[in-house]
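**Student:** generate coordinates for the sequence data below:
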Amino acid sequence: MTGNRFAALAEDDESVSAVAAADAAPPRSRKPRRRIASPPRNVREPPIFPEEEPFDDDAGPSQHYMVYSSTTIDPSVTKGMYMEWRWPRRCEENPTDLTNPYYIAMIKCGWSAWSAAKKFTRKQSSLDRAPEWCFSPRFGRSRTVLDRPVASVGGYMLEAGTKLFIAGEHEDYYDDDFCIYNDVTVVRPNGEIRIYGYPTDVFPPTDGHSATVVGDKIWIIGSVGYMWTRGKEAQVCILDLATMRMSRHTTTGDDPGWLAGHVVTRVFEDAIEVEVGQEPCPGTTARSGKWTLYTTDFRFLEESWRAVRVRGRLHSVASTSWNGGRTVG
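**Tutor:** Purely as a prediction, here's the structure:
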């Protein structure tokens, strides 16, 4: 036992001497470590306005909730502009031109109301304020592209390819910035933007609608809307492209009820045919089936809905019930 103990002490002395020698030795020069560049990540750059975000046209307008996007907002936009235009406007004129630098910048960058509030006020909550205006994202918004030019108000030409984005809903009811809009955004092929607002009696807050071009007018059929604004009959509004005026009309006949999320299946010179799926907007009077709205000579007192019998079972369009009506074909 004694020999083993001294042998262990000798080994400890040798190890200590080795460590001391290593400390006294000059440091060895190390070659610089070569850094290998990692491959770039597959990050898609946002499209440059007026190029839109990609979407699947067959999936319906649910893919249009984000149209334009950017990581930055126009640096010329000041906090003063934000403070002046941050709130949605209650309009009295039909139409009311709401075009301003702040709205235009928000449309081009695709920022949400939350993002704008965070930048200009450093607040991430709006519990102490009303909902703020934003163009994106909006659900239940319609997107209509003109296939021929239309002379509009004040000699303003809407060329073929002009896009009209109508109304839509931002976020859900529990969000601080929840808002259903009643505006129309016009984007010309050259990127020029105009925004129009309307009195709520001619164009209520609308989402989940369809927008169909008939002549020089856009027929806006249906809406989800706020619960307290829903009625028993379908909401029908008409946008006159020549004047940008909006009008609301009461139809007669076999009305399909407060429809939303329907599909426009066919468009005639004097009629629009829509199909309501087997899961219409919950809590409303909408009925499933195919319906034809006659628009002869735009004489609204003579318009009527007529139920069309369909053989077999209807295909449900519940997937678009909360994302707006769409046109097929």
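
**Student:** what segments of the protein are helices?
**Tutor:** All helices of the chain, identified by DSSP state H, fall at 2-24, 79-85, 101-109, 113-121.

**Student:** what packs against the second one?
**Tutor:** If I follow you right, that is helix 79-85. Contacts defined by 3 or more Cβ pairs under 8 Å, 6 or more residues apart in numbering; DSSP states H and E place helix 79-85 against helix 101-109, helix 113-121. Any C-beta I mention is one placed from the backbone N, CA and C, and that applies to glycine too.

**Student:** between the last one and helix 101-109, how many degrees?
**Tutor:** Put plainly, it is helix 113-121. Inter-element angle recorded for helix 113-121 and helix 101-109: 130 degrees (by axes from the mean of the first three to the mean of the last three Cα atoms, to 10 degrees).

**Student:** so what secondary structure elements neighbour helix 113-121?
**Tutor:** Looks like helix 113-121 contacts helix 79-85 (3+ Cβ pairs under 8 Å, 6+ apart).

**Student:** buried ones in the helix it packs on?
**Tutor:** 81-82, 85 (16 or more other Cβ atoms under 10 Å).

**Student:** contacts made by that helix with the rest, please.
**Tutor:** 100-103, 116, 120, 133 (Cβ atoms under 8 Å, 6 or more residues apart in numbering).

**Student:** looking at the helices of the chain, which has the lowest confidence?
**Tutor:** Ranked by mean pLDDT, the helices of the chain bottom out at helix 2-24, which scores a mean of 47.

**Student:** quick one on the thing from earlier: figure out which of the helices and strands packed on helix 79-85 is closest to Gly215.
**Tutor:** Minimum separation from Gly215 across those (Cβ to Cβ) falls at helix 101-109, 27.5 Å.

**Student:** tell me which residues are up against the closest one.
**Tutor:** Here helix 101-109 has contacts from 49, 68-74, 76-77, 81-82, 84-86, 116, 133-136, 185, 187, 193, 195, using Cβ under 8 Å, 6+ apart.

**Student:** of those, keep whichever come out buried.
**Tutor:** 49, 68-70, 73, 77, 81-82, 85-86, 116, 133-136, 185, 187, 193, 195.

**Student:** now Arg245: how far from Val77?
**Tutor:** 30 Å (Cβ to Cβ, to the nearest Å).

**Student:** ok so, going back, which of the contacts of helix 79-85 lies closest to Leu239?
**Tutor:** Distances from Leu239 to those, taken by Cβ to Cβ, are shortest for Tyr103, at 18.8 Å.
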